[in-house]
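J.: okay, predicted coordinates and the sequence, questions at the end:
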Amino acid sequence: MKTSIKGWGSGLLGVIIFSGSLPATRVAVADFSPLFLTSARAAIAALLAMTCLIALGQPWPKRSDLVGLAIVAIGVVIGFPLLTALALEHITSARSIVFIGLLPIATAAFAVLRGGERPRTAFWLFSGMGSAIVIGFAMSEGASGTLLGDLYMLGAIIVCGLGYAEGARLSRHLGGWQVICWALVLSAPPMALIALIALPASWLAVGTPAWLGLAYVSVFSMLVGFVFWYRGLALGGIASVGQLQLLQPFFGLTLSGLVLGEPIAAQMLVATGVIVLCVALARRFA
């Protein structure tokens, strides 16, 4: 029980950090191309990760772990950031919430396929209810988009769910922060090369908000958040802790209200309360 609580606490911290990812990406792609943003954030985070691994004297991962680390790198270091950046050129942040609502189910599905977990039927019921509430809330906010943007987001959710489940599986014996650090190091050479090729035509055209967005997704979304997230998934269970992602859109909207002064609607508070209930029930039957 104590391990499970630690897992949920760590997972919750990860979700709170991830809540700023889409708004930060939305700001950054105003001045950076999606390709540069994706590669630059990975290269910057990889440099920090390599420093941590060397400073703390971490041994090289076993050869048997390399395929899993490659899956993590493709899913959460390259795939999700690139596809969401491309999507946010065509859809609003509000529209993206529709798809974020599907991420817990995608993560749970890969927890079954890759992590060997077997949630009960009631878990899928409450997980589905939670996703439906998130999607319904996003649609009620008048979110609009294009077919291409929707397809990018759908692809992002699939590869992200796979990367989450695979990373959690590896975290059971490698450790949470070690998994994301090695995945970043593994992806560093191609990402650094792509960043150099995709450099902005003019640095003078890049505004301060875009730089801040790049800094956030590089340090927090790409590294710090995953340290807590993978630890939480490994300790509390992939399918179970993965349901905390249902709260991510509401944390993001609350953050926008507190920092940017955007209004916090009453229906958002009601939806959040119901989501918390769904998460609690899904956890019980995971």
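T.: Noted; the coordinates are in hand.
J.: can you list the low-confidence ranges for this structure?
T.: The chain contains residues with pLDDT under 70 at 1-3, 93-94, 97-98, 138-139, 141-145, 256-265, 268-269, 272, 283, 285-286.
J.: count of residues packed around the spatially closest residue to Leu47 that is not a sequence neighbour?
T.: Nearest residue to Leu47, sequence neighbours excluded (CB to CB, 6 or more residues apart in numbering): Ala188, at 7.7 Å. Every C-beta, even on glycine, is put in place using the N, C-alpha and C of the backbone. Look at Ala188: counted by other CB atoms under 10 Å, it has 20 neighbours.
J.: cool, and Ser221?
T.: Neighbour number of Ser221 under other CB under 10 Å is 24.
J.: 31 is where my numbering starts, stick with that
T.: Will do, 31 is the new start, and the previous item becomes Ser251.
J.: skipping its backbone neighbours, what lies nearest it in space?
T.: Counting by CB to CB, 6+ apart, the residue nearest Ser251 is Ser51, at 4.2 Å.
J.: for that neighbour, give its distance to His203.
T.: Distance of Ser51 to His203, given as CB to CB, to the nearest Å: 27 Å.
J.: of the two, who's got more company?
T.: Ser51 (22 against 12).
J.: for the more buried one, what are its contacts?
T.: By CB atoms under 8 Å, 6 or more residues apart in numbering, Ser51 lies in contact with 114, 246-247, 250-251, 255.
J.: over to Met252?
T.: 71-72, 74-75, 107, 111, 214.
J.: just checking, Ile224 touches Leu65?
T.: Yes: under the criterion of CB atoms under 8 Å, Ile224 makes contact with Leu65 at 6.5 Å.
J.: and the two? Which one has more around it.
T.: Ile224 (18 against 15).
J.: what's around the residue nearest to the more buried one when sequence neighbours are not counted, how many residues?
T.: Excluding the flanking residues, the one nearest Ile224 by CB to CB, 6+ apart is Ser69, at 3.9 Å. A total of 25 residues lie near Ser69 under the criterion other CB under 10 Å.
J.: swap in the one 4 residues further on?
T.: Residues contacting Ala73 under the criterion other CB under 10 Å number 22.
J.: and the host helix or strand of it, what's buried?
T.: Taking DSSP states H and E as the definition, Ala73 sits inside helix 64-85. Buried residues in helix 64-85, counting neighbours by 16 or more other CB atoms under 10 Å, are found at 64, 66-76, 78-79, 83.
J.: same question for stretch 278-288.
T.: 278-284, 286.
J.: let me have these in a markdown table, extended by secondary structure.
T.: Formatted as a markdown table, these follow (DSSP: H, G, I helix; E, B strand; the rest coil):
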| residue | secondary structure |
| --- | --- |
| Gln278 | helix |
| Pro279 | helix |
| Phe280 | helix |
| Phe281 | helix |
| Gly282 | helix |
| Leu283 | helix |
| Thr284 | helix |
| Ser286 | helix |
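J.: return the closest of these with respect to Trp233.
T.: Ser286 (28.0 Å; CB to CB).
J.: please enumerate the helices of the stretch 131-280 of the chain.
T.: Along the stretch 131-280 of the chain, the segments classed as helices by DSSP state H, counting those that start in this stretch run 133-145, 151-170, 177-204, 206-227, 238-246, 255-266, 268-272, 278-290.
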